[in-house]
Structure formats: structure tokens, C-alpha cells
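Participant: Provided below are the primary sequence and the corresponding predicted coordinates.
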Amino acid sequence: MTYLKSAAEFYSQVAQTPEVGLCCVQSTALQLPGLVVPAAMQEMNYGCGTTVHPTELSAQPTVLYVGVGGGLEALQFAYFSRRAGAVIAVDPVGAMREAAARNLALGAQENPWFDPSFVTLKEGDAFALPVADGSVDLVAQNCLFNIFEPADLSRALQETFRVLKPGGRLVMSDPIATRPIPEHLQQDERLRAMCLSGALTYEQYIQRIIKAGLAKLKLELDALTVCSINTTISSRSICC
Ligand SMILES: C[S@@+](CC[C@H](N)C(=O)[O-])C[C@H]1O[C@@H](n2cnc3c(N)ncnc32)[C@H](O)[C@@H]1O
């Protein structure tokens, strides 16, 4: 089995039996006026920090969210876009998409402003995103790309670049290693799937991002979590 299949199996299990605090340190979800995060969705917060930055979400952007998890950030992005189909959330794991759909239905019960049509759940993966070239304003991923081996990380970044509109942005939040992680830990598929051993150093990660054509960087340190660096990347506008 490849490490990607192991990761998919792992996420299928934790979609069916949630594990609180699975990835990174558990932090309180971003609080927004009038947004209630259902308890079942919060339990499945498998991310590090946040990719949702309110000041960057004006003009009801079309958002492609890669690796939906329990749907927490999809709901948060929908809070800003508030229109049918504005958030497209992709995941290759059927059980995870089902869990996200259940949690988003709870979200609709608990938030009068939210309609499940605001989020479209789609089967797909980071290497073959199910949307057209140049079709989205923003791509977000939280605690997924660090799972990928370096060559696959580059593939995922290039695929991201393909789907962004000119001037679109990639927002990501991933663990970063302060020094290279020992090879035997990197090869441990379960630790990698748990976001514990696949992290690159900051320099390695940035080089991959630049090589993928996403060259204009605005870097933000996440003050809430000790293990993640949020990286906001402006793309295309300067690359084409
Ligand atoms: C660590 S979880 C993060 C979930 C969510 N982003 C969050 O912050 O709670 C990783 C997610 O990526 C999904 N995933 C695994 N392999 C993937 C792939 N190749 N492409 C896209 N998503 C993938 C998993 O099913 C899971 O939902």
C-alpha cells in the first residue's frame, strides 16, 4: 500500500470515530459573530491554526477547500461568501465527506444564516482537483500538504496553481520542522498521516512553493499554535 492509501485509510477511521486533538494542538475555533460551530464539527478539528482570515474575504470569493475534514473551515469560509456553491470542499475519503455533510447539516440547524447549498462537497484529491483551470479566487488547505512526500507536495502546489484565477491566493496552515525530521520517522506512514513526521523545514517548504510558480509570499506567524506557520501566498498576478 502507498503512504497516500494509508493516509486515506487513517482518515476514513477518524471520520467514523473522531479523535479530539488528533493533529497538532487543539485550539478554539475562530469566533465570529453569529457563527455557531456544532460540537461534532469542533471535535473533528484536525487542523493547525486557521486558514480563514476575515480581512481577506471580502467580495464573496469562490473558495476551493482541499481536505475538508469535519467541515469546520468550509463553514467558516461560507460565513463570508454566503451564496450557493461559493465554497467547494474536496476530499478523497468517502467517510470524511459523509462526516462533513452531517456536520454541515448540523451547522444549518444551528446557524440561521447558513444554507448547506453554500458548500459543495466533491470527491477529488489534491493532485487532481475537480474544478476548471483558473476558476477559483482562493484555495485553502489546513494540515494536509505536510502529509505529502516532497515530490507529491510539488504536484499538489502545481495543481493549486492551475485552478487559481489570475491574482488568486493560496492560504495554508501546516506544521513546519525546525530541523530536518529523521528519515525513519518520515517513512512511518501512520505518523506522517497524523501530521507528525512529514513536515519540511521552513526553507524547504518555501523553495517548493516558489518552484511551483506561487512566488509572491506574505508570511504570517500563527500566534495561537506553537507548531504551525500560516503561509498566505499571492499567485499568478506576478507569475504570468
Ligand atoms: C489533517 S486532516 C485536516 C482536515 C481539515 N483541513 C481540518 O483543518 O480540520 C487532512 C484531511 O485531508 C484529507 N486528505 C487525505 N488525503 C488527501 C488528498 N490526497 N487530497 C485531498 N485531501 C486529502 C483527509 O481525508 C482529511 O480530511
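Facilitator: Received the coordinates, thanks. Numbering: from 1, shown residues only.

Participant: list the buried residues for the lengthiest helix in the chain?
Facilitator: Longest helix in the chain, counting residues (DSSP state H): helix 94-110. For helix 94-110, burial by neighbour count (16 or more other C-beta atoms under 10 Å) applies to 95-97, 99-100, 102-104, 106-108. All C-beta atoms are positioned from the backbone trio N, CA, C, and that covers glycine.

Participant: select, from these, the two members most distant in space.
Facilitator: 95 and 108 (20.6 Å; C-beta to C-beta).

Participant: report the central residue of this protein.
Facilitator: By C-alpha atoms, centre = their mean, the chain has its centre lying nearest to residue 141, at 2.0 Å.

Participant: which positions in this structure make contact with the ligand?
Facilitator: Within the chain, the positions adjacent to the ligand are 4, 7-8, 11, 23, 45-47, 66-70, 72-73, 91-93, 96, 125-126, 142-144, 195 by C-beta under 6 Å from any ligand atom.

Participant: so where's the protein uncertain?
Facilitator: Per-residue confidence for the chain (pLDDT under 70) gives these ranges: 1, 24-27, 215-240.

Participant: could you redo the last one with a cut-off of 50?
Facilitator: 222-229, 235-240 (pLDDT under 50).

Participant: what about the strands in it?
Facilitator: 63-66, 87-91, 119-123, 136-142, 164-175, 216-221, 228-234 (DSSP state E).

Participant: indicate which one of the ones you listed is closest to residue 18.
Facilitator: strand 87-91 (15.0 Å).

Participant: contacts for the closest one?
Facilitator: 11, 62-69, 71, 74, 77-78, 81, 97, 100, 118-126, 129-131, 136 (C-beta atoms under 8 Å, 6 or more residues apart in numbering).

Participant: can you do 6 Å?
Facilitator: Residues external to strand 87-91 that are found in contact with it (C-beta atoms under 6 Å, 6 or more residues apart in numbering): 63-68, 74, 77-78, 97, 119-122, 124.
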